[in-house]
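Peer 1: Any chance you could fold what I've pasted below:
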Amino acid sequence: MPSLKQLTCSIELGSTHTKITEYGNDYGDGHVTSYVAVPAEEVNFSIHLTSSGYIAPGLAMFVYMDGHYQCNRNRRGLVVPGEKVKPEQFEIDLRVRQKESKQPDGSFLGRDWSFHGLNLGESCFRHAQMDEANIWKCPLIP
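Peer 2: Just a heads-up that it's a prediction; the model follows:
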């Protein structure tokens, strides 16, 4: 996905993490909509979110596909850049690759996301079934 302010989000294929090209980027107030070409063969994919510079003491990422919750990640304890502060202390690098479902025993079951081969009789492009990847600024929690 394209960059918006200090955040960059991309869909990456398989273990090589090859970024998919986006088409038709549409920028709105605090959001971007993009379309991707579905690969011809079945392949797993992940969503990769990175930041550039300090944004907040914490950031959280929530992923929804077809309106259904998939997973989340968060990073707390980010610090304001300064002398002797390394970029990994104020920037994020998050990658998610699966739907996570809580089981009755409290454990989580993960199922990898994948693109399935496209029937050539159908449209060549689709929205990649991703409605939202929400990013939240998290206040400093003592």
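Peer 1: At the geometric centre of this protein, which residue sits there?
Peer 2: With distances taken as C-alpha atoms, centre = their mean, residue 47 lies nearest the centre of the chain, 3.8 Å away.
Peer 1: Tell me what it is bridged to.
Peer 2: Beta-bridge partners recorded for residue 47 (DSSP bridges): residue 11, residue 96.
Peer 1: what are the ranges of the strands in this structure?
Peer 2: Ranges of strands in the chain, per DSSP state E, are 3-4, 7-13, 18-19, 22-27, 32-37, 43-51, 58-65, 68-76, 93-96, 98-102, 108-112, 114-115, 125-126, 130-138.
Peer 1: elements contacting the second one?
Peer 2: Strand 7-13 is packed against strand 18-19, strand 43-51, strand 130-138, with contacts defined by 3 or more C-beta pairs under 8 Å, 6 or more residues apart in numbering; DSSP states H and E. In short, each C-beta sits where N, CA and C put it, glycine included.
Peer 1: now with 7 Å?
Peer 2: strand 18-19, strand 43-51 (3 or more C-beta pairs under 7 Å, 6 or more residues apart in numbering; DSSP states H and E).
Peer 1: Give me the average confidence score over the longest one.
Peer 2: Looking at strand 43-51 alone, the average pLDDT works out to 93.
Peer 1: Equivalent analysis for the shortest one, please.
Peer 2: Within the predicted structure, the mean pLDDT of strand 18-19 is 92.
Peer 1: What is it packed up against?
Peer 2: Using 3+ C-beta pairs under 7 Å, 6+ apart, strand 18-19 sits against strand 7-13.
Peer 1: May I see the buried residues of the strand it packs on?
Peer 2: The neighbour-count check on strand 7-13 (16 or more other C-beta atoms under 10 Å) flags 7, 9-13 as buried.
Peer 1: which of those lies closest to residue 24?
Peer 2: Using C-beta to C-beta, residue 11 comes nearest to residue 24 of the buried residues of strand 7-13, at 14.3 Å.
Peer 1: picking that back up, now distance to residue 87 too, for the strands of the chain, in JSON lines please.
Peer 2: Output for the strands of the chain, formatted as JSON lines (distance: least, C-beta to C-beta, whole Å):
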{"stretch": "strand 3-4", "distance to residue 87": "17"}
{"stretch": "strand 7-13", "distance to residue 87": "14"}
{"stretch": "strand 18-19", "distance to residue 87": "21"}
{"stretch": "strand 22-27", "distance to residue 87": "25"}
{"stretch": "strand 32-37", "distance to residue 87": "24"}
{"stretch": "strand 43-51", "distance to residue 87": "10"}
{"stretch": "strand 58-65", "distance to residue 87": "14"}
{"stretch": "strand 68-76", "distance to residue 87": "13"}
{"stretch": "strand 93-96", "distance to residue 87": "10"}
{"stretch": "strand 98-102", "distance to residue 87": "27"}
{"stretch": "strand 108-112", "distance to residue 87": "29"}
{"stretch": "strand 114-115", "distance to residue 87": "32"}
{"stretch": "strand 125-126", "distance to residue 87": "35"}
{"stretch": "strand 130-138", "distance to residue 87": "18"}
